[in-house]
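>>> below is the structure, and that's it, no one-letter string:
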C-alpha cells in the first residue's frame, strides 16, 4: 500500500510539473514579422543574400555567416564543431557543384534561394529572426529554418540552421 501511495504521489507531481510546463510553453509563440517591418539593416542583408543566391555568388553569403554558426536538430551528424562556420554552412547549402553528384547540381543554390525568398520571419525570444516563419510548427518538420542574429556594428549574421525533414 505504501508503494502505491508513493507511485500515485510521484505520478501527480509529474502531471503537475509537466502540465505547468506545457501551459507556460503555450505563451512562447514566436512573433511573426513581415520583412518590410524589420530593421533596415536586416532588410539590407536579406536583399544582399537574395541577389547573391540569384547570381550564384557565394562570397556575399559566406561573409554574412557568423563565426559561431551552428546546425541544430542534426541527427545525421553533419555539424562538425571543429570545422569553421563556412564548412558547416556548406554541409547544408553546398554551392560547389564540383563536389556534388550530377543529379544534385545547384541543390545548395536552389535550397538557399528558396529559404531566403520568404517574406515572413519569426522573432525568437533571444531576438533572432528565423525564416520561414512557422517551419517548426508542424511535425515532422517538413523544411529547415535559417536564423539570423545581430553581429558587430549593428549588422545581422546567419547564426544557425535548424534542420528539417527528420
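Right, received. Where do you want to start? Note that the coordinates shown come from a computational prediction; the quantities given were computed from them, not determined experimentally. Numbers count the residues shown, from 1 in each chain.
>>> list the buried residues in stretch 68-85.
69-71, 73-74, 79, 85 (16 or more other C-beta atoms under 10 Å). Glycine gets a C-beta too; all of them are placed from N, C-alpha and C.
>>> then stretch 106-116?
So, applying 16+ other C-beta under 10 Å, buried residues of stretch 106-116: 108-109, 111-113, 115-116.
>>> do you have the helices of this protein handy? List them.
In the chain, the helices defined using DSSP state H lie at 2-25, 40-55, 58-62, 85-92, 107-116.
>>> where's residue 112 relative to residue 38, distance?
Noted for residue 112: a distance of 19 Å to residue 38, by C-beta to C-beta, to the nearest Å.
>>> then residue 74?
Applying C-beta to C-beta to residue 74 and residue 38 gives a distance of 27 Å.
>>> go on, residue 108?
Distance from residue 108 to residue 38, by C-beta to C-beta: 25 Å.
>>> below-threshold pLDDT in the protein: ranges please.
1-29, 134-143, 165-166 (pLDDT under 70).
>>> can you rerun that using 50?
Confidence mapping of the chain against pLDDT under 50 gives the ranges 4-26.
>>> who's in contact with the residue nearest to residue 69 when sequence neighbours are not counted?
Nearest residue to residue 69, sequence neighbours excluded (C-beta to C-beta, 6 or more residues apart in numbering): residue 85, at 3.8 Å. Residue 85 sits next to 65-69 when contact means C-beta atoms under 8 Å, 6 or more residues apart in numbering.
>>> thanks again, I'm all set now.
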